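> Need the 3D shape of this:
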Amino acid sequence: MDQMKWCVKQAKGIELVEPSDNLRNAYFIKAEEALDTLRTSKSKDWKLTAAYYTIYHGIYSLLMKIGVKCEIHSCTIEFAKRFLKDYFLSEDFELIDKAFSARIDSQYYVDREVPNKNYHFIIKKTPEFLVKCKNILLEQKEIEHIRNEIRLL
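From the prediction side, this is the model:
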C-alpha cells in the first residue's frame, strides 16, 4: 500500500485542518528553540535529538501553512518527500532520514552508536535546513493543489 494512503487512514496520521500562519510561526519558534539547544548542549545524544526536532519542526511549520496535521513522524517525513520535493535537494532528504534514525538510536538505545560521519553531517546541515524551511514561500495555488491531492488519497 502507498505509504501516504496508509498515513491518511491512521487515527493520528495525515489530516486536513485549517491552514494557519500563526501555527506556522509557532513551529518555527519551536524549531529555533531546538536549534538553540543543539548549539548549547554538551551531550552528543541531546545534540542529535535537538537537531532532529529542529528539522522536524521546520517541516511541520510548512504543514501548518498548508493545513495538514500529523502526529506520526514517519508520515510527516513522507509528506515532505512527496509534496515538498520541489523545495528540497536529495541532500536535504538524506539529512532528514539520518537525523530521524540517529535520534531513535541515541534516544532509545544504549547499545547503538551513531557514526561520527553521520553525526557531523547532521550537526553541520541542520541550521542550513531550518533557514531553507523559513525561506519556502508556498503560494495559495500550490497549497490548494496539495490539499486536493490529500483528499484524493
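> how far away is the spatially most central residue of the chain from Leu95?
Nearest to the geometric centre of the chain sits Tyr56, at 2.9 Å (Cα atoms, centre = their mean). Using Cβ to Cβ, to the nearest Å, one gets 11 Å for the distance from Tyr56 to Leu95. In short, each C-beta sits where N, CA and C put it, glycine included.
> hang on, the earlier thing: identify the residues contacting the residue nearest to the centre of the chain.
Contact analysis of Tyr56 by Cβ atoms under 8 Å, 6 or more residues apart in numbering lists 31, 73, 76.
> doesn't Ser61 make contact with the last one?
No - assessed by Cβ atoms under 8 Å, Thr76 is found out of contact with Ser61, at 11.1 Å.
> separation between Lys81 and Asp97?
For Lys81, the distance to Asp97 equals 9 Å [Cβ to Cβ].
> So those two - more neighbours on which side?
Neighbours of Lys81 and Asp97, each counted by other Cβ atoms under 10 Å, are more numerous for Lys81; the result is 17 against 12.
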